[in-house]
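Asker: Here's my sequence, what's the structure:
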Amino acid sequence: MTRSAEISSARDESIPGAAATVAPERAPERAAAPVSPASALADRRPALPSLTGARWWAAFAVFVLHALVFLPVYPFQKSELFRHIHQWVPMQLGAAGVTFFFVLSGFIIYWSFRPGMSVRGFYRRRVLKIYPTHLLAAAAFIVVASVPLSRLIVWVPNLLLVHTWVPKWTTIGGLNVPAWSLAAEMLFYLSFPLVLPLIMKIPTRRLLLAAGLLMLAIIALHTSYFLWVDGPKGIANAFAPRLVPGNDSPYYELHASPAWFVQPNIPVSPSYWLSYTFPGSRLPEFFLGVLAARMVLEGRWRNTRMTLPLLALVAAYAATWVVPVNYKMSVLLLVPMTAVVATLAARDLAGISGLNSHPRMVWLGNISFAFYLIQFPVMVLITRHLIGGRQFGILGWAGFALLSLVVATAIAAVLYQWVDLPIMRRFARPRSKVEVDGAKVASKA
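Answerer: Numbers count the residues shown, from 1 in each chain. I've put the predicted structure just below:
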């Protein structure tokens, strides 16, 4: 396949929480020669509702971690009970959700591949999918956290989604914390049309080998961070909320505090930054998803039983307790996570219904991108007006976490229905003619 067969997408594609359903299209007419089932499938690209529904669980895992850390409920967060809970719900729970998003991004972006749309059209669709909801969530955070607009370095890099490329920007201000993953997504989308010709040169029979070699490269990359970059070397789950003196709950979690935004520099561990938030380190995860999509489309992945992939994922997650931070956040989870994504897709292709393909789960998956982005501003708002200055135990925390879940879900539904869908329908559809490598070709509207 050449660059004259470019990129298109049918509905939503990949980004934390965006819908993964791909609308079926009629296969193009072919000569009378027989075609293999794999070839026919590669043309058909049917819908994948289970992958859409599964997005909600990944977004919900992120929410649970954030509710535990970013709702500053005192004295609960200073109690021995909290310490024990946080031992069992460490940061790698939320990180697992992000890893799922990154692998799924590669899978769905390739699954949505269509001849006939230009690279420019692909980029336009990706920008339209990410930025409107991101900007609204960032604006909400700026308002509820009273972010000082005079300090441009606090909010401009975040709005432009370039804030994770330099370790200082990862922590100065931070703005809407979950948006860090979108900076990595932007690199994924930028690189996809450039790397795709190389991906397409891999013979079908060698796709599994290519995925294995890519996984070995990821392990080598993170091992180099562990060996030669400054940062924690132990296996402890050293992730906890930053606490302030007193037993009264503060009015701001530290990442939303006015004191945070005026700091000239808040250092971050170099190895943690490289292993977790640096976009270049997460790029191979995206292409694991691309290779997985090719394997499913070309008949190299036929497993439809979830038992083994899920057991492998549970075992890998348990192993994160006994490895250094460089491996906790994604490396151990990548192989089973990729297997889960590929198997969910294979089940949809085989017509196997499950919980994730239920219409309610698909709806939750559709709104999960907005939910992922709006959850932290909602927590900041609730902290400022309902939690701050008071004292609560675990039941108080549970109540505020539930309230955050309900409010964030409701706002996410509004954003999806009245912002995301109208913008994508109005501006992201393919034009009647698109330019591919300098030539005008007709495409379906």
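
Asker: tell me how far the strand or helix carrying residue 227 is from the chain's mean position?
Answerer: Residue 227 is part of helix 207-228 when elements are defined by DSSP states H and E. In this view, helix 207-228 has its centroid 20 Å away from the chain centroid, taken as Cα atoms, centre = their mean, to the nearest Å.

Asker: who touches that helix?
Answerer: The contact list for helix 207-228, computed with Cβ atoms under 8 Å, 6 or more residues apart in numbering, reads 202, 231, 233, 271, 274-275, 281, 284-285, 287-288, 291-292, 294-295, 298, 300, 324, 326-327, 331, 334-335, 338. Bear in mind the C-beta positions are built from the backbone N, C-alpha and C, glycine included.

Asker: Which among those residues count as buried?
Answerer: Neighbour counting by 16 or more other Cβ atoms under 10 Å classes 231, 271, 274-275, 281, 284-285, 287-288, 291-292, 294-295, 298, 300, 324, 326-327, 331, 334-335, 338 among these as buried.

Asker: mind checking how far the closest residue to residue 274 other than its chain neighbours is from residue 77?
Answerer: Among residues not flanking residue 274 along the chain, residue 225 sits closest, at 4.9 Å (Cβ to Cβ, 6 or more residues apart in numbering). As judged by Cβ to Cβ, to the nearest Å, residue 225 and residue 77 stand 30 Å apart.

Asker: what's the answer for residue 377, then?
Answerer: Distance of residue 377 to residue 77, given as Cβ to Cβ: 20 Å.

Asker: what about these two, which has more around it?
Answerer: Ranked by neighbour count (other Cβ atoms under 10 Å), residue 377 and residue 77 place residue 377 first, with 26 against 23.

Asker: Wait, that one touches residue 144, no?
Answerer: Yes - at 5.5 Å, residue 377 counts as touching residue 144 under the criterion of Cβ atoms under 8 Å.

Asker: so residue 317 makes contact with residue 99?
Answerer: No - using Cβ under 8 Å, residue 317 and residue 99 do not qualify as a contacting pair, with a distance of 10.4 Å.

Asker: which residues do those two both contact?
Answerer: With contacts taken as Cβ under 8 Å, 6+ apart, the residues that reach both residue 317 and residue 99 are residue 333.

Asker: Among these two, which residue is more densely surrounded?
Answerer: A count of neighbours by other Cβ under 10 Å puts residue 99 above the other of residue 317 and residue 99, at 22 against 17.

Asker: got the contact list for the more buried one?
Answerer: Neighbour list for residue 99: 285, 329, 330, 333, 334, 337 [criterion: Cβ under 8 Å, 6+ apart].

Asker: Pull out the buried residues from the helix holding residue 227.
Answerer: By 16+ other Cβ under 10 Å, the buried positions in helix 207-228 come out as 207, 210, 211, 214, 215, 218, 221, 222, 225, 226.

Asker: Can I get the residues you listed in a markdown table including pLDDT?
Answerer: Below are these laid out as a markdown table (pLDDT from 0 to 100):
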| residue | pLDDT |
| --- | --- |
| 207 | 98 |
| 210 | 98 |
| 211 | 98 |
| 214 | 98 |
| 215 | 98 |
| 218 | 98 |
| 221 | 98 |
| 222 | 97 |
| 225 | 96 |
| 226 | 96 |
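
Asker: Looking at those residues, which one is closest to residue 194?
Answerer: Distance to residue 194, by Cβ to Cβ, is smallest for residue 214 among these, at 16.4 Å.

Asker: can you list the weak-confidence ranges in the stretch 151-300 of the chain?
Answerer: Counting by pLDDT under 70, the stretch 151-300 of the chain shows low-confidence ranges at 170, 172-173.

Asker: So which residues of it form helices?
Answerer: All helices of the stretch 151-300 of the chain, identified by DSSP state H, counting those that start in this stretch, fall at 152-160, 167-171, 180-200, 207-228, 258-261, 270-272, 279-297.

Asker: of those helices, which approaches residue 394 most closely?
Answerer: Nearest to residue 394 among the helices of the stretch 151-300 of the chain is helix 258-261; the distance by Cβ to Cβ comes to 26.3 Å.

Asker: And the contacts of that closest one?
Answerer: Helix 258-261 is contacted by residues 146, 147, 148, 151, 154, 173, 174, 252, 254, 266 when judged by Cβ under 8 Å, 6+ apart.

Asker: now those in JSON lines, with neighbour count and distance to residue 93?
Answerer: Formatted as JSON lines, those follow (neighbours: other Cβ atoms under 10 Å; distance: Cβ to Cβ, whole Å):
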{"residue": "146", "neighbour count": "14", "distance to residue 93": "30"}
{"residue": "147", "neighbour count": "22", "distance to residue 93": "28"}
{"residue": "148", "neighbour count": "14", "distance to residue 93": "32"}
{"residue": "151", "neighbour count": "15", "distance to residue 93": "32"}
{"residue": "154", "neighbour count": "22", "distance to residue 93": "28"}
{"residue": "173", "neighbour count": "25", "distance to residue 93": "25"}
{"residue": "174", "neighbour count": "22", "distance to residue 93": "20"}
{"residue": "252", "neighbour count": "20", "distance to residue 93": "24"}
{"residue": "254", "neighbour count": "16", "distance to residue 93": "20"}
{"residue": "266", "neighbour count": "15", "distance to residue 93": "24"}
